[in-house]
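Asker: Mind folding the following:
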Amino acid sequence: MSEPLYFSVDDCHLFGWLHRPDGQTSDLGVVICKPFGYESICGHRSMRELADAAAAAGMPALRFDYRGTGDSADANVEADQIEAWVRDVAAAIGTLRRCAGVHRVCVVGFRLGALLGVLAAAGGAGVDALILVAPVIEGRRYVRELRTTALSAAGNLSAGPSDKRPPGDGAIEAGGFLLSAASVARLSQSSLTALAKAPAPEMLILDREDLPMARTWSETLSRLGARSRYLALSGFIKMMMTPPQFAAVPQQLLTTVREWLQQVAAATDSSPAQTKNNRPDVTAVAAHLELPRTGSTPGAVLCERPVEIDPRPRLFGIVTEPVRDERRRRAVILVNSGADYHIGAGRMYVAMARRWADQGYVAVRMDLRGIGDSDTARGSAPDEVFPPGAIGDIEAAVDFVRKQYGVREVTLAGLCSAGYHVLRAAVAGLQVNRILMVNPQNFSWREGMAVGDVQLADVVKDDRRRTLSSNTVKRLLTGKVDVSTVSRIYLQRARIALESLVRNTARGLHIRLPRDLGWELRDIAARGVRVVFVFAAGDPGIELLRIQGGSVVKRLGDRCRVYVIESADHTFTRIGPRARMEQVLSEELLAASH
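Answerer: Residues are numbered from 1 along each chain as shown. Alright, predicted model coming up:
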């Protein structure tokens, strides 16, 4: 059983999930410290399953977001995030003790979260045991990794003239996530090898099997006074460095963690066990988050709260509500992209939801069932990018905002696969006023297709580079290019060209073919639904829209708007292009709503 909550540190509210045992509760609780940035999105399901596994073994578990990350309150982007996050870990430990009534706490940290957990323990946060998964031992090395990631992402894009730079010289913007200059400086000086004593009496180090980095440091822990164990396990890449739709929960790692926790709990657990009906006071936590308005109204606040959109099985979302005197009754629902959970790529959904709530919208960030913090429907697999029940989930969200908030005007929005879902919802006739699609790369998903299959977007992108040049022939002959894949792409390209010709001809003769995007867009617009596409320059969705939508897009005029953002990648990881994309979407929302 898990429940969302907010807790405070330094006048800042942090969001978390408390996972409670169904039966007897151990005296040992678990605090889970996430990794930083894109790794936290990839590893979200593993963090959730780890918390569930701990609770199933009788140990309450708390997973949470540091300030300025996930669903927590925003923070000063120029501050020392490392110092702040260490304080957040200490606050999470205190919150678990108060809310679950445990006397002992084990911190489980992943990557940068492991470093934060050690620093909190060394600073006197009251940590009885530590489990460190692929820990960052040397902050300077980790900083180099982040810089390499940032440079690699920027290498394929030319900077636009109005691009914003990360605030402060020395800041790093990696994968859409920002680490301030002060944080970089602090990290560069952080090293676990500098510790003079063990941070906790019991320690388990779970290193990467493919790239072990912690063995030497782990060998010093016993000399520093810890009872430590070191293991190098497989599964790290699939857990935290693989896109969520392809990521895999490392079962060996979860089993190892659970068994070690049970040993630690059994060794010294002498307190009377608690039951689920004997809970301590939880007044230290809150059910919602208050956010200051950027407007001029003194004392006006926005309210953000977790909600159960539908209980069977749980369909989860976060709602950011406008000020209480808002009378326009408008809502925007952000559908999660791919298998990313509801914060969106680079946390963009959080920023957009709070911005739009400030402009008078009820903003909902939702997880489709099987993704993020929503439960998986019976008979379905988790982390499906195109789940068959997506339209039903979106319909439930539309009904929710209409009933709970008296909303009259509804906008659906989403990036990539979410763009497909909101389009399908509009095609299905859901009562919405506007759909905002950012970089959709599929308009015609069919049951039985797999995300790993060659998609139409793969066929139309980089067309010039896929021609049979001498270099391509050479790569084919040397085995550097998969012949079957190339063959499928060329066959698909021929089929697409023929299908496009047939559909355009049929439209001219007023013959309606099934799954025709042009007709679908015409029908949506005829119902008064405003259609907006936003693309990164060069994204294959642009060409796909031209091929499958034909001349209908132009004929619809203002009812179907297409914007192209220069110097952007598919998920708008860079600050400047992302700001321009958010501005375009905001203008579209407000232009038709006054």
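Asker: contact partners of whichever strand or helix holds Gly576?
Answerer: In this structure, Gly576 sits in helix 575-591 according to DSSP states H and E. By Cβ atoms under 8 Å, 6 or more residues apart in numbering, the residues outside helix 575-591 that reach it are 159-160, 162-166, 173, 176, 178, 332, 346, 348, 351-352, 355-356, 359, 361, 411, 413, 434, 436, 438, 530, 532, 534, 536, 561, 563, 565-569, 572. From N, CA and C alone the C-beta is placed, and that goes for glycine too.
Asker: buried ones in that helix?
Answerer: Ile575, Gly576, Pro577, Arg578, Ala579, Arg580, Met581, Glu582, Val584, Leu585, Glu588, Leu589 (16 or more other Cβ atoms under 10 Å).
Asker: Including distance to Tyr420 and pLDDT, could the residues you listed go into a markdown table?
Answerer: Output for those, formatted as a markdown table (distance: Cβ to Cβ, whole Å; pLDDT from 0 to 100):
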| residue | distance to Tyr420 | pLDDT |
| --- | --- | --- |
| Ile575 | 26 | 91 |
| Gly576 | 26 | 92 |
| Pro577 | 22 | 95 |
| Arg578 | 21 | 96 |
| Ala579 | 25 | 96 |
| Arg580 | 23 | 97 |
| Met581 | 18 | 98 |
| Glu582 | 21 | 97 |
| Val584 | 20 | 97 |
| Leu585 | 17 | 97 |
| Glu588 | 19 | 95 |
| Leu589 | 20 | 92 |
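Asker: and of those, the nearest to Ile41?
Answerer: The closest of those to Ile41 turns out to be Arg578 (Cβ to Cβ; 15.6 Å).
Asker: Show me what counts as buried in stretch 258-266.
Answerer: Buried residues in stretch 258-266 (16+ other Cβ under 10 Å): Arg258, Trp260, Leu261, Gln262, Val264, Ala265.
Asker: mind listing which of the residues you listed are in strands?
Answerer: Taking DSSP state E, every one of the buried residues of stretch 258-266 sits outside strands.
Asker: Show the pLDDT at the closest residue to Leu14 other than its chain neighbours.
Answerer: Of all residues not flanking Leu14 in the chain, Ser72 sits nearest, at 4.5 Å (Cβ to Cβ, 6 or more residues apart in numbering). In this model, Ser72 is scored at 97, pLDDT.
Asker: Phi and psi next, for Ser72.
Answerer: Main-chain dihedrals, Ser72, degrees, to the nearest 10: phi -80, psi 170.
Asker: before we move on, the earlier item: now the buried residues of stretch 258-266 as JSON lines including distance to Ser191 and pLDDT?
Answerer: Below are the buried residues of stretch 258-266 laid out as JSON lines (distance: Cβ to Cβ, whole Å; pLDDT from 0 to 100):
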{"residue": "Arg258", "distance to Ser191": "30", "pLDDT": "96"}
{"residue": "Trp260", "distance to Ser191": "25", "pLDDT": "97"}
{"residue": "Leu261", "distance to Ser191": "27", "pLDDT": "97"}
{"residue": "Gln262", "distance to Ser191": "32", "pLDDT": "95"}
{"residue": "Val264", "distance to Ser191": "27", "pLDDT": "95"}
{"residue": "Ala265", "distance to Ser191": "31", "pLDDT": "93"}
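Asker: Narrow those to those in helices?
Answerer: Residues of these located in helices (DSSP state H): Arg258, Trp260, Leu261, Gln262, Val264, Ala265.
Asker: Give me the pLDDT for Ile391.
Answerer: 97.
Asker: low pLDDT regions in the stretch 451-594 of the chain?
Answerer: Along the stretch 451-594 of the chain, the model assigns pLDDT under 70 to residues 451-497, 500, 509, 592-594.
Asker: Helices of that one, start to end?
Answerer: Secondary structure of the stretch 451-594 of the chain (DSSP state H, counting those that start in this stretch): helices located at 456-460, 470-477, 483-508, 517-526, 540-549, 552-555, 575-591.
Asker: who does the fourth one touch, helix- and strand-wise?
Answerer: The contact analysis (3 or more Cβ pairs under 8 Å, 6 or more residues apart in numbering; DSSP states H and E) places helix 517-526 against helix 417-427, helix 483-508, strand 530-536, helix 540-549, helix 552-555.
Asker: Deepest-packed of the ones you listed, please.
Answerer: helix 417-427 (a mean of 25; mean count of other Cβ atoms under 10 Å).
Asker: For it, which outside residues touch it?
Answerer: Counting by Cβ under 8 Å, 6+ apart, 334-338, 368, 385-386, 390-391, 394-395, 412-414, 432, 435-443, 445, 520, 523-524, 529, 531, 533, 541 sit against helix 417-427.
Asker: Drop anything exposed from those residues.
Answerer: Buried among the contacts of helix 417-427 by 16+ other Cβ under 10 Å: 334-338, 368, 385-386, 390-391, 394-395, 412-414, 432, 435-443, 445, 520, 524, 529, 531, 533, 541.
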